[in-house]
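In: return a 3D structure for these sequence lines:
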Amino acid sequence: MDPAATAHVLGLAHQLQTASDRARQKPALAQPDPDALRDLGMLATLLREHSGTVGITICEAARRTRFSRTKTSAILNGRRRPSVDDVRLLAKAIGMDPAASDHVLSLARQLQTASGLTRQAPAPPPLAERDPDAQRDLDELAALLRGHHKAAGISRAEAARRAGFSSWRMSAILNGKQQASVDDVFCLARVLGMDRATTGRALTLARQLKAAQSRRTSEERKGRRPPQRDIDKLAALLRAHHRTAGISIAEAARRAGFSHFKASVILRGKQRPSVDDVRLLAEAIGMNPAATTQAIEGAQRLQARNAASAEKSPASIDQTRCAQPTAATAPTAATAFRPNSDRSRPCDDVSDRTLRSGPRLLSRY
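Out: Numbers count the residues shown, from 1 in each chain. So this is what the prediction gives:
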């Protein structure tokens, strides 16, 4: 393919990748509306009872509507908000009469505008607050690219076409609204005719931005999960007293009221135990009061760190799942979403590489 056609194809591929990344992002739900939850439970109950009356199984209903079995089951059990078209197809598939069909369709239309059942992404803090140095590098890089873009005397649309970007991405990079990768900067340097010294400075800024992003991601991951070494210290303390007690894992699990698997993963440091788990396990293996206090304090520190990280991270907010409606309680809804990180698109033929404890007595551990 000639360079122009190649750039156009790469631009289309990048747009598809961006759309796919946005589709995979699942932000947290807002606070559910009790009225909407009641309507969702009523809609699911009507559909489920009618399908059970006529003897149509979930598999048969999914086959008639051309839905997946998972989607059909989620709608009939009130775990998913169906669209009006979905409800219309389901009502037709299970043979509902016109009056019942109108009723479920009215409920579906009410759910379309219900608050708390639509995904609302929490606004992230600005980059200037999270990393001021990265914000300065981003502004300097954007100013550098804007200056050479004006000197080149070409429009943004033309520069985007030559670099294989979309016009929106080109505008976001030049305005400092989006971080450009090293390959993106190299592409723009060729398109805008930047000299070697300026290109080198722009690539240095892009590498610094990439390193800062990796550092922020690593810090966020560390904040979401308790350090493994603290879990290992707690597990080593429990293992040492378990060996001293001279009992098997199965016996320790029986005394503590655990399953064999749970006791094993706690003693091997593969699971973060709760304070109650540590207390029960300490009593089961006969730990002395001083060691028991030390183990419980370690479990409390892990629990406190985990709770603090859950409050700081907006992506770790858990909400209640839509439950089956009963006579006493209204259904509840929940889900936990973690947005995925954006991916950068490498430029056509450019690559950054061209620029730059002791023996164990028990075999079950």
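In: could you find the closest non-adjacent residue to residue 208?
Out: residue 137 (5.2 Å; Cβ to Cβ, 6 or more residues apart in numbering). Glycine gets a C-beta too; all of them are placed from N, C-alpha and C.
In: check which helices and strands the helix or strand hosting that neighbour is in contact with.
Out: Element membership for residue 137, per DSSP states H and E: helix 132-152. Here helix 132-152 touches helix 127-130, helix 156-163, helix 167-174, helix 182-192, helix 196-224, going by 3 or more Cβ pairs under 8 Å, 6 or more residues apart in numbering; DSSP states H and E.
In: pLDDT weak spots in the stretch 201-350 of the chain?
Out: In the predicted model, the stretch 201-350 of the chain carries pLDDT under 70 at residues 221-227, 308-350.
In: in it, which spans are helices?
Out: 228-245, 249-256, 260-267, 275-284, 289-312 (DSSP state H, counting those that start in this stretch).
In: closest to residue 141 out of these?
Out: helix 289-312 (28.9 Å; Cβ to Cβ).
In: could you list every helix and strand in contact with the closest one?
Out: helix 196-224, helix 228-245, helix 275-284.
In: show the backbone phi and psi for the residue with the largest distance to the centre of the chain.
Out: Relative to the centre of the chain, and counting by Cα atoms, centre = their mean, the farthest-placed residue is residue 246 at 43.8 Å. Backbone torsions of residue 246, given as degrees, to the nearest 10, read phi 70, psi 30.
In: start the count at 28 instead of 1 going forward.
Out: In the new numbering, first residue 28, that becomes residue 273.
In: where's it relative to residue 295, distance?
Out: Residue 273 is 19 Å from residue 295, where distance means Cβ to Cβ, to the nearest Å.
In: with residue 311 instead?
Out: 16 Å.
In: looking at these two, which one has more neighbours?
Out: residue 311 (20 against 16; other Cβ atoms under 10 Å).
In: correct me, but the more buried one touches residue 282?
Out: Yes - using Cβ atoms under 8 Å, residue 311 is in contact with residue 282, at 3.7 Å.
In: circling back: can you list the residues that contact the helix holding residue 164?
Out: 153-155, 183, 186, 200-203, 206-207, 212, 215, 218-221, 225, 228-229, 232-233, 235-236, 239-240, 243 (Cβ atoms under 8 Å, 6 or more residues apart in numbering).
In: what sits closest to residue 158 if chain neighbours are left out?
Out: residue 239 (5.6 Å).
In: and for residue 157?
Out: That would be residue 243: by Cβ to Cβ, 6+ apart, it lies 6.5 Å from residue 157.
In: also residue 75?
Out: residue 103 (4.7 Å).
In: contacting residues for that neighbour?
Out: Applying Cβ under 8 Å, 6+ apart, the residues near residue 103 are 71, 74-75, 78, 85, 88.
In: go with 6 Å
Out: Residues in contact with residue 103 (Cβ atoms under 6 Å, 6 or more residues apart in numbering) are 71, 74-75.
In: now, which of those sits nearest residue 331?
Out: Once Cβ to Cβ is applied, the member of these that ends up nearest residue 331 is residue 71, at 39.1 Å.
In: measure that closest one to residue 103 for me?
Out: For residue 71, the distance to residue 103 - Cβ to Cβ - is 6 Å.
In: could you report the pLDDT at the closest residue in space to residue 202 that isn't next to it in sequence?
Out: Residue nearest to residue 202 in three dimensions, not counting chain neighbours: residue 169, with 6.3 Å by Cβ to Cβ, 6+ apart. Looking at residue 169, its pLDDT stands at 91.
In: what count of nearby residues applies to residue 169?
Out: Neighbour tally, residue 169, other Cβ under 10 Å: 20.
In: domain assignment for the protein?
Out: As assigned by automatic domain parsing, the chain contains the domains 61-139, 151-251, 255-343.
In: quick one, which of these is nearest to residue 39?
Out: Per Cβ to Cβ, nearest to residue 39 of the domains of the chain: domain 151-251, 8.8 Å.
In: that's a helix at residue 109, yeah?
Out: No - assigned with DSSP: H, G, I helix; E, B strand; the rest coil, residue 109 falls outside any helix and is coil.
In: I'd like the distance between it and residue 138.
Out: For residue 109, the distance to residue 138 - Cβ to Cβ - is 8 Å.
In: so these two - more neighbours on which side?
Out: Counted by other Cβ under 10 Å, residue 109 and residue 138 do not tie: residue 109 has more neighbours, with 25 against 22.
In: can you show me the CA trace of whichever strand or helix holds residue 75 as CSV?
Out: Taking DSSP H and E as the criterion, residue 75 maps to helix 61-81. The C-alpha trace of helix 61-81 is given here as CSV (Å, rounded to 0.1, in the frame of the first residue of the first chain):
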residue,chain,number,x,y,z
PRO,A,61,-35.7,2.3,45.0
ASP,A,62,-38.6,2.9,42.6
ALA,A,63,-36.5,1.7,39.7
LEU,A,64,-35.4,-1.4,41.6
ARG,A,65,-39.0,-2.2,42.4
ASP,A,66,-40.0,-1.8,38.7
LEU,A,67,-37.0,-4.0,37.7
GLY,A,68,-38.0,-6.7,40.1
MET,A,69,-41.7,-6.5,39.0
LEU,A,70,-40.7,-6.7,35.4
ALA,A,71,-38.5,-9.8,35.9
THR,A,72,-41.2,-11.4,38.0
LEU,A,73,-43.9,-10.9,35.4
LEU,A,74,-41.7,-12.3,32.6
ARG,A,75,-40.5,-15.3,34.7
GLU,A,76,-44.0,-16.2,36.0
HIS,A,77,-45.5,-16.1,32.5
SER,A,78,-42.7,-18.2,31.0
GLY,A,79,-43.1,-20.7,33.8
THR,A,80,-46.9,-20.8,33.2
VAL,A,81,-46.6,-21.7,29.5
